[in-house]
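[1] Any chance you could fold what I've pasted below:
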Amino acid sequence: MQKFDPEHFLRVRDAVTAAEREKNGIGTLGEKTLHAVLKAYYGPLSGLHERKLGRYVADILNEEGVIEIQTRQLSKMKAKLDTFLAVTKVTVVHPIVRNKWLIWVDPETGETTKKRKSPKAGTIYDAFWELGGIPEYLMREGLSFCIGWRDREEARLRNGWNGTGGRGSTRADRVP
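    Residues are numbered from 1 along each chain as shown. Below is the predicted model:
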């Protein structure tokens, strides 16, 4: 796993977000921007992306093993980890949100609001909370984690149930 290079990360992010994107994600599995940017950063050769390994698809499969991007709920990947760890090393990339900016989108017109900073800020304890969902895997041979701090913008559709459409709204995308 490479040492984090902020300038390279920004170039990758800009390239991914500038590319023509389908409305519901770019990948065959409904991939969103955050996942796509991390995958492009940690696996720059797209021929190594979305490779079948057993009955699962690895985000990146290269000579060093599997790099799996998991943006939330590490506990949901137990069966996948079992399959991958049986044959190769696995690095799980898990971003923790340090600062989040919200952008509200009117689902009918596409009009957006000016972004505002969320009062919720991520801490190192968020990583511990996630790792606590897979305690039986933490000492497994061949498993490592890359937990990084990221700021991000989150676009939310104003389609919720309160007067402004905020409560119960749908997250449209997350951009690091």
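
[2] going forward, measure contacts between C-alpha atoms and count neighbours the same way
    Will do.

[3] List the contacts of stretch 73-80.
    Under the criterion C-alpha atoms under 8 Å, 6 or more residues apart in numbering, residues 56, 130, 131, 133, 134 lie in contact with stretch 73-80.

[4] Buried only: go through those for me.
    130, 131 (16 or more other C-alpha atoms under 10 Å).

[5] where's the dip in pLDDT among the contacts of stretch 73-80?
    Within the contacts of stretch 73-80, residue 130 has the lowest pLDDT, namely 86.

[6] what's around the closest residue to that residue other than its chain neighbours, how many residues?
    Among residues not flanking residue 130 along the chain, residue 74 sits closest, at 6.0 Å (C-alpha to C-alpha, 6 or more residues apart in numbering). Using other C-alpha atoms under 10 Å, residue 74 is surrounded by 18 other residues.

[7] thinking again about what came up before, switch the contacts of stretch 73-80 over to JSON lines; also include secondary structure and distance to residue 99.
    Converted to JSON lines, the contacts of stretch 73-80 look like this (DSSP: H, G, I helix; E, B strand; the rest coil; distance: C-alpha to C-alpha, whole Å):
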{"residue": "56", "secondary structure": "strand", "distance to residue 99": "32"}
{"residue": "130", "secondary structure": "helix", "distance to residue 99": "18"}
{"residue": "131", "secondary structure": "helix", "distance to residue 99": "20"}
{"residue": "133", "secondary structure": "coil", "distance to residue 99": "23"}
{"residue": "134", "secondary structure": "coil", "distance to residue 99": "25"}
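
[8] Which one of the contacts of stretch 73-80 is nearest to residue 13?
    Within the contacts of stretch 73-80, proximity to residue 13 (C-alpha to C-alpha) peaks at residue 130, which comes in at 24.7 Å.
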